[in-house]
Structures are given as structure tokens and as C-alpha cells.
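Asker: Predicted coordinates and the sequence they were generated for:
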Amino acid sequence: MWGTHPESPLPPALARKPGGTGEVSEETASALLLVGEQMEDLAGLEEFLVPLEPPLHKAVPWGEELGALLDESLACIIVDARRSWTVGIETARRLLAHPHARYIPVLFLGARSCGEADLLRGYSLGTVDCILEPLSPDIFRLKVEIYLEQHRRQTLMRRALERAEQAEAAARESERMLSTLLGNVPGMVYRGIPEEPWTLSYASQAARSLSGYTPEDFRERRVAWGELIHPEDSARIRKEMTEALTTRSPFTLTYRIRTRRGEERWVWERGAAILGPDEEVRALEGFIFDITPFRQAQRERERLHEQLEFQHQRLQVILQQLPVAVHIVEAPSGRTLNFNAQAELLMGHPMLPCTCVKEYAQYHAIHPDGRRFAAEEYPLARVLATGKPTPQEELLYDRPDGSVRVFLINAGPIWDARGELHAAVASFMDITALKRAETHQTFLASVSETLAGSLDYEATLSHVVQRAVPALGDGCALDMVEPDGGLRRLAVAHVDPVRREIARELARHHPSRLEDATGPGAVIRTGRTELLAEVTDELLVRYASDARHLELLRGTGVTSSLIVPLHARDRTFGALAFFYCRGGLPRASRSYGPEEQRLAEDLARRAALAVDNARLYREAQRAVRLRDEFLSVASHELKTPLTPLNLKLTSLSREIPRCCAGESPPESLQRHVDMARRQLWKLSTLLNALFDVSRIAQGKLALDVTDTDLSEVLGEVAAWFAPEAARMGSKLWVEGETHVPGRWDRLRLEQVVTNLLSNAIRYGAGRPIHVRAETEGHLARLVVRDEGIGISPEAQERIFGKFERAVSERHYGGLGLGLYITRSIVEAMGGTIRVDSRPGQGSTFTVELPCRQE
Ligand code: ADP
């Protein structure tokens, strides 16, 4: 018995402390409880146990405080029942009834007198032993020691058991965790046989969602993984697996499988060979993931990428084929993103590799005065700064080849899906030719207006010369042929005042001559345009007559010249010269060409025509003046013999009866005389009209205003014309008010009524004629209405002009002066005259006169 002797060694497993030192830990030290009726008895017992050095509690029965001492550390309760067995039994019973003491062994110490029945009462309480007097301290100590040893072993065993339970629980937890993890891994975890057809001995639950087969299907070999591999991929997989197994290295595979339902899936596998102690491959372990969505996304990404690439290519092709230039820059940096060949073509240089807006200053846009654009002035820079488009701007571009082009630019922002400025794009085209044509047209139109607006040709031409700068050059000069055959510089214009002076000085001291080989003189002499696209110094040297002349010529800075003749009606009477000069205004071209020549010749033609027209007009004016003077003199001279002729005819008419002395005069004689008188009257009427016309032209139509009655004048003239009207078959109706008084020139008023009435009879087609005089407020109105041939609308305004007629003179006589004189008289009296007529339906002439005039 190893436990009976205090020095007997403990079995290794039990003697080991949890820390593994081999000593029994203090935590396993067992205590004793001594319970008896007398403390001195207990003290005696304690002495027996001193060698054991156990923690010891002593108590006299019975106290409630005993309950607090009952715990697992008690190896034994020693009940001293030597004084009273019954008390001892009772104490033990009570103690053992306590829940903490149920399994604690009890050692009774009894008196010698204890019989068998007493002992049986004791043993019936449970794990009980008894020692009766006489008490052997050694036996007592040995028994206690056994209890102590037993207790210690139990404690150790209990602890070991607890640890085993804990380990088991931990193992269970790990297993649960592993299973949860495997269950939640987004792919299938497997263990399989390292050869085709790759049978699986383990497959996680994900096998189901991945392949449609359950883990059991694989485990129980109803299906092998290799059977699922897509036939097109299986050869590759075999090769890759063989390689991995040969080199014992982990493998990564991507391939397709067919699921139980026949779907195709892409999987990604990562695994490794598991080696046995003999370094042989025992198994394969790894993961297989479904990467179908990923592959699809990848495919989609590739498709989108291809599409993007295609669109990019398409954009590039479109960009390159656009007839306009395009330049796209990144926002906000301003870095160039894209442009087309047209852009480089228009700018005349390769696109600058700008990485920021500041670098735009390297481009060559200029202001009309030649200043270069600042970086931030460029349309693209402004779009980047403001996010606002800059539509339809014109921009001058100074190309490296020296020409200045006009670009029409549209620039605008490109926003991304989040509403942020992504880029800016500018499209531009070269409108130089258009602009030049427009400028030329505007220039021509305005010059034509100037030419048409004045008959003073010298002033007009000077004006044209001023307008030609800068439209057609930096300088312009006009030379005209003088009556003596010399040339006179009529006008000079120049953008540079200093050079204008030089040009004037040249004209003063070295005027062109008709015999010159080149220059304005030669152009006028030959009538042919002279175009010098490039005026070289050599040319100037040849042209100059002396050193001073050459100095002045060089001072003009002329680089190109164009001289066109002013020519009209087979006569060249001047030349217009245009110049481009060094340091002049920025231009698309600094040398004259066919286009400028056409424009200049057009301008010269118009100017020459205007000059010719002005001359013709002046000549016509002079002719009219001479005619009027002649008419005035002629009518006056012709009228002079008419008065005595009239008197003679009157006396002849009176004397005829007397000459025939009672005999009736021959009827024909009287008829001839009457006819002569009528013709004389007609002749004098015509001469009066001519005389009036010249008076009106000279503004000498004097009025003799008196109190006059329009109605009375109308009545008299109508009565006088009644026979004539009757002869023409027209009935004359005089209507209106009896008195229409006013202050007018009576004779002139008679003339007005006479003219209107005679016209009504002449053009009245023998139909009735109505005449009427009436008053309306301060106005007197005279209306003469016929129902004759009428007047076309076109002629209605014209017939009031001098010598204007609306009928052919073969059918109707007349000079076309009646209405002209009538209107002049009416207007001189402050009135108006108008006609209302329709061809074939007659005419109504209405005269309105103020009744009083000052
Ligand atoms: P004329 O002496 O030729 O009649 P007028 O100046 O009196 O000159 O008239 C100008 C023209 O107006 C005439 O030639 C005729 O064509 C037209 N005219 C004038 N009065 C009438 C009218 N009453 N009816 C139609 N035509 C008329």
C-alpha cells in the first residue's frame, strides 16, 4: 500500500503539480477538522498529528460556524466521541448532512465501552472509520495520513479530470469553429487522391453550390472531381498538376467545370500535395472557388475596354477627318489631351506639348494691334477658369510663315457624370479668306455709297483713298492727269503718319510722269494694272532718279505694291496705288496677289465710273440750263410778233364785211381767218407754257394775289370751254357751291382750271365731265372728273413732272407741261394737287387751296 506510509513515494502522475515541478502543490494541501466535546481533548489529538503538519481546524460540537469550515480542502473530519458516542454520532450526522460535507470521510474516536451496535450506528453514516481506546497515536496518525493522501490524490485526479474536460471542450470548440469556417469559406475545401480522376475524400459543404453535387457524392465516389473538368481544359490541367506533383509545389489552376445541371462555371483552385513520412504524395488539399462572376465581370471589363478603345479609335478618325481644327485639354491643368492634324495645319506648327495653362503663352494668337495673347486670354484658358463656353470668337494667329490668319473659335466645357469639369474643347477654322472677302465687300459697299453720294469727284476720290487704308493696304495714293498732261497727286493715306509725309514729299519732288517705265505714270499711259508682289531694294535702286529719291523711296518701307488705272469711256485719267509696308498692320498676307488685284480694279472701275458720272451729270446740268435759257429767250422772242399778228387778224376779221361792201363775204375767207386766230391762240398758249416753264425754273413765278371767287372762275372757264367740249361730244356739268371765295392770283387760277378742263376734254373720250368747286373749312377745293381713258398707276406721279406724258404723242398732242405748270402754280399758292384714276375708267383731279394766303 503506497498511501499508508507518509514517506511512500507518490505515483508520478499524481505527484506532479500543474506547473510540473514534481512537488505536491500547496493548492492540493489537505486540511483536517477536529470536532470534540472538550477543547483539551482536541489539543491532545492535535499533538499526535503534528508530524503531519496539516492545516487543522478544531471545533467543539455543535456550532453553526462549522458549516463555514466544510469545503473541498477537508481531507477528513475527526469526531472525538470518546466522552459520548451518541454526541459524536449526532455531531457526525449533522456535519454530513451539510451539502459540502457529504463526501468527506469521518473518523470516530470512541471509548473502550463502545459496543458493536454503537460502531454499526457510526458506520451507517457513510464513509466512516472508527478507532477505539486505547488510542495508539501512531495508528491514529497513520489513519489520518491515509485520509490526507487519499484526499490529495482525489484532488489531483479531480483537477486532471477538469483539465481533460477543458481540453475536450476546447477540441469541440475548434472542431465547431473549423466546421463553421469551412462552411463559410466562399469556396469548396477538399482533400483528394493525388491522381486522376481526382477523387475527393473530403469536400466541404460549398461543393453543393459550386458543382451541384453534395459532399457525400464526392466522398462516396459517386462522382470524381476530374469528371467535372471541361474537356477543353482537362489536358492543360493534367499537365499543370503533373508538374506541381513532380516538383511538390503548391498549384494554382483556373479552368471550367460542368455542374450537375450542365452549366459551365469558371473555377480557381489553389492546392498543395500532402506528403507522407516517406515523402510520397499522400493526398491533395486545397480550395476551389467559383470565379464565374469574376470572369464575367472580367469579360465585361474587357468588352467595355475594347468598346472604349474602339470609340477612342473612332473619335480619333473622326477628329482627323473633321474639316475644322480641334484641340482638347484636360481640366483643370490645361494639359493637351487630344488634337487633330487640322489644328497643326491651321496654326502652321506642331501642337505645343503644353502641360499647364501658363504654357499657352507660347502659342501665337495676337490682338489686332499685334500684341501677343497672355496665356489666360486664350478661349480654352477662359473655359477652364469659368466653365462657360466662349462661342464664335474671332482670333488672329501669327503663323511662323509670317502670315496672320483669322480663326473662328468655339470653345466649351466637357463635364463628367459627377458634374465636374473634365476637359475643355476648342474647335476652330480658318476664316481668313471669308473675312477678307467680307472686309472687301464691306469696303466696296461703303465706298460705292460714298461714290454715289457726291458729285464732287475730287472730294469723293480723296475719301476713297482714306477708306482704302487699311482695307487694301498700309498706304494708298491717287494720281490724276492734269489738262496739261502732267500728273497731280490728289490724295495720300497711310497708317503711319511719318510715311504719309514721305509719300507726299515724293509726289512733290519726284512726281510720276506719263513717260515713266513703271509706277502710276506707266499705268495711266498703258491703262494696265501694275502688281509688284515683292518690292526689292534692287527695284527701288533702278526706279530712283537720284540718291535723295532713293532715300525717300526706301523711307516708305514698301514691300509690295499694286497700281490700278482709273479708266472710263476710253480714257484713263488717273491711277490708284496701294502699298504694303514694313511694320504695317498684321495681315494674312503681306504681298499683293490676284485677289487684291481684282478688288482694286473693281474699286478703280467704280471710282472711275463715279467720276465719269459726275462729269456727265455736270454736262447734263449745263445742257438743261442752256435749254431753259434758250426756251426762255425763244418763247419771249416768238411771242413778240404774236401780239401784232393777233391784232391784225382781229382787224382783218372786222374789215372783211366792210371790204365786201354789202356783198356777203365768201364763207371760206371768214373760216380761214377764224382758223388762223385759233392756231394763233394755240401757238400763244404753247409759248406761254414754255415761258412759264423757264420762269418756274428760274424761280420767277410771281403771283398777283387778289380776292377771287373760285366758283366764278370755274363758271367762266367752263363756259368758255363749253363749245370745245361739245365738239368732242362731252357734256360739261358744273356743280358745287356758288361762291368759293379766297385770295389767289386770278389769272393763274384760271390757268389751273383751264389746264385741268382742257385735259378732261382731250382725254375724256367724249363722255360727261363733272367740275365742282367747294369750301371745306379753310380750304377751297376744285374737282375735275372725267370718265375717259384714265392714267396707269405707274404714270400718276410722273405726269406732274416737266415734259412728262402718259400717252403717245401721235394720238394726243401736247408738250407734257400743263400739269407741271399747274402743280407749280398750286404749290406756289400753298395748295396741293392729286389725281385718282384707273385706266379706262376716267380720272379725277383734286386741287386744294388755302382760302387765304399771306
Ligand atoms: P399735255 O399737254 O401733254 O396734256 P399735261 O402736263 O397736261 O401735258 O399732261 C401730262 C399727261 O397727263 C398727258 O400727256 C396725259 O397723258 C396725262 N393726262 C393729263 N390729264 C389727263 C386726263 N384727264 N385723263 C387722262 N390722262 C391725262
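Answerer: Sure thing, it's come through. Numbers count the residues shown, from 1 in each chain.
Asker: nearest residue to Glu46 other than its sequence neighbours?
Answerer: Leaving out its chain neighbours, the residue that sits closest to Glu46 by Cβ to Cβ, 6 or more residues apart in numbering is Leu56, at 6.1 Å. Any C-beta I mention is one placed from the backbone N, CA and C, and that applies to glycine too.
Asker: tally of neighbours for that neighbour?
Answerer: 17 (other Cβ atoms under 10 Å).
Asker: Please state the offset of the host helix or strand of Val492 from the chain centre?
Answerer: For Val492, the element it lies in under DSSP states H and E is strand 487-494. A distance of 50 Å separates the centroid of the chain from that of strand 487-494, by Cα atoms, centre = their mean, to the nearest Å.
Asker: and it, what does it pack onto?
Answerer: helix 457-471, strand 475-481, helix 497-509, helix 520-526 (3 or more Cβ pairs under 8 Å, 6 or more residues apart in numbering; DSSP states H and E).
Asker: Could you identify the longest helix within the protein?
Answerer: Longest helix in the chain by number of residues, with DSSP state H as the criterion: helix 594-659.
Asker: Report the inter-axis angle for that helix versus strand 475-481.
Answerer: With axes from the mean of the first three to the mean of the last three Cα atoms, to 10 degrees applied, the angle from helix 594-659 to strand 475-481 works out at 40 degrees.
Asker: So the residue lying farthest from the centre of the chain versus the ligand, what's the distance?
Answerer: Residue farthest from the centre of the chain, counting by Cα atoms, centre = their mean, is Ser113 at 125.3 Å. Using Cβ to the nearest ligand atom, to the nearest Å, Ser113 is found at 186 Å from the ligand.
Asker: helix/strand/coil for that residue?
Answerer: coil (DSSP: H, G, I helix; E, B strand; the rest coil).
Asker: Quick check, pLDDT for it.
Answerer: Per-residue confidence (pLDDT) for Ser113: 91.
Asker: one step back: please work out which of the helices and strands packed on strand 487-494 is packed deepest.
Answerer: strand 475-481 (a mean of 24; mean count of other Cβ atoms under 10 Å).
Asker: Adjacent strands (with direction) for that one?
Answerer: strand 487-494 (antiparallel), strand 571-581 (antiparallel) (DSSP bridges).
Asker: Check the offset of it from the chain's centre.
Answerer: Chain-centre distance of strand 475-481: 49 Å, with Cα atoms, centre = their mean.
Asker: what bits of the stretch 1-150 of the chain have low per-residue confidence?
Answerer: Applying pLDDT under 70 to the stretch 1-150 of the chain flags the ranges 1-28, 61-64.
Asker: ranges for the helices of it?
Answerer: Remark: helices assigned in the stretch 1-150 of the chain by DSSP state H, counting those that start in this stretch are 12-15, 39-49, 66-69, 85-97, 116-123, 137-184.
Asker: about what we covered before: dump the helices and strands packed on strand 487-494 to JSON lines, plus distance to the ligand.
Answerer: Shown next, in JSON lines, are these (distance: least, Cβ to the nearest ligand atom, whole Å):
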{"stretch": "helix 457-471", "distance to the ligand": "35"}
{"stretch": "strand 475-481", "distance to the ligand": "44"}
{"stretch": "helix 497-509", "distance to the ligand": "54"}
{"stretch": "helix 520-526", "distance to the ligand": "48"}
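Asker: beta partners for the spatially most central residue of the chain?
Answerer: Central residue of the chain (Cα atoms, centre = their mean): Gly412, 4.2 Å from the mean position. Beta-bridge partners recorded for Gly412 (DSSP bridges): Val425.
Asker: give the contact list for it.
Answerer: Contacts of Gly412 were listed using Cβ atoms under 8 Å, 6 or more residues apart in numbering, and they are 383, 389-391, 424-425.
Asker: wait, doesn't Ser333 sit right on Thr355?
Answerer: Yes: applying Cβ atoms under 8 Å as the test, Ser333 and Thr355 come out as touching, 6.8 Å apart.
Asker: Contacts for stretch 578-585 next, please.
Answerer: 368, 370, 468, 470, 472-477, 494-496, 499, 556-563, 587, 590-592, 596, 600.
Asker: Mind checking which of those are buried?
Answerer: Among the contacts of stretch 578-585, those scoring as buried are 468, 470, 472-477, 494-496, 499, 556-563, 587, 590-592, 596, 600 (criterion: 16 or more other Cβ atoms under 10 Å).
Asker: so which strand or helix has the residue of the stretch 101-250 of the chain found nearest the ligand?
Answerer: The ligand sits closest to Glu232 of the stretch 101-250 of the chain, with a gap of 107.6 Å, by Cβ to the nearest ligand atom. Take DSSP H and E as the rule and Glu232 turns out to sit in helix 231-247.
Asker: in stretch 307-323, what counts as buried?
Answerer: Leu319.
Asker: How about stretch 694-706?
Answerer: Going by neighbour count (16+ other Cβ under 10 Å), the buried part of stretch 694-706 is 694-697, 701.
Asker: Could you list the low-confidence segments of the stretch 701-850 of the chain?
Answerer: By pLDDT under 70, the weakly predicted segments of the stretch 701-850 of the chain are 809-810.
Asker: near the ligand, which residues of it show up?
Answerer: By Cβ under 6 Å from any ligand atom, the residues of the stretch 701-850 of the chain that approach the ligand are 755, 759-760, 763, 786, 788-789, 791, 799, 804-807, 814-820, 843.
Asker: Could you check how many residues crowd around Pro483?
Answerer: Neighbours of Pro483 under the rule other Cβ under 10 Å: 5.
Asker: returning to that earlier point: could you point out the helix or strand that follows the longest helix of the chain?
Answerer: Taking DSSP H and E, what comes next after helix 594-659 is helix 667-697.
Asker: Which other helices and strands does the very next helix or strand once past that next one contact?
Answerer: Downstream of helix 667-697, the first helix or strand assigned by DSSP H and E is strand 705-709. Counting contacts by 3+ Cβ pairs under 8 Å, 6+ apart, strand 705-709 packs against strand 741-745, helix 746-763.
Asker: Adding mean neighbour count, write those out as JSON lines.
Answerer: Listed next are those as JSON lines, based on neighbours: other Cβ atoms under 10 Å:
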{"stretch": "strand 741-745", "mean neighbour count": "21"}
{"stretch": "helix 746-763", "mean neighbour count": "21"}
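Asker: Can you say which of these is nearest to Tyr457?
Answerer: Of all the helices and strands packed on strand 705-709, it is helix 746-763 that lies closest to Tyr457, at 40.8 Å by Cβ to Cβ.
Asker: Extract the CA atoms of that closest one and return them as CSV.
Answerer: Output of helix 746-763 as CSV, limited to C-alpha atoms (Å, rounded to 0.1, in the frame of the first residue of the first chain):
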residue,chain,number,x,y,z
ARG,A,746,-56.9,135.1,-110.5
LEU,A,747,-55.1,134.6,-113.8
ARG,A,748,-53.0,131.8,-112.5
LEU,A,749,-56.2,130.2,-111.0
GLU,A,750,-57.8,130.5,-114.5
GLN,A,751,-54.7,128.8,-115.9
VAL,A,752,-55.1,125.9,-113.4
VAL,A,753,-58.8,125.4,-114.3
THR,A,754,-58.0,125.7,-118.0
ASN,A,755,-55.3,123.1,-117.9
LEU,A,756,-57.4,120.6,-116.0
LEU,A,757,-60.5,121.2,-118.0
SER,A,758,-58.7,121.1,-121.4
ASN,A,759,-57.1,117.7,-120.3
ALA,A,760,-60.5,116.4,-119.2
ILE,A,761,-61.9,117.3,-122.6
ARG,A,762,-58.9,116.0,-124.5
TYR,A,763,-58.7,112.6,-122.6
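Asker: All set now, cheers.
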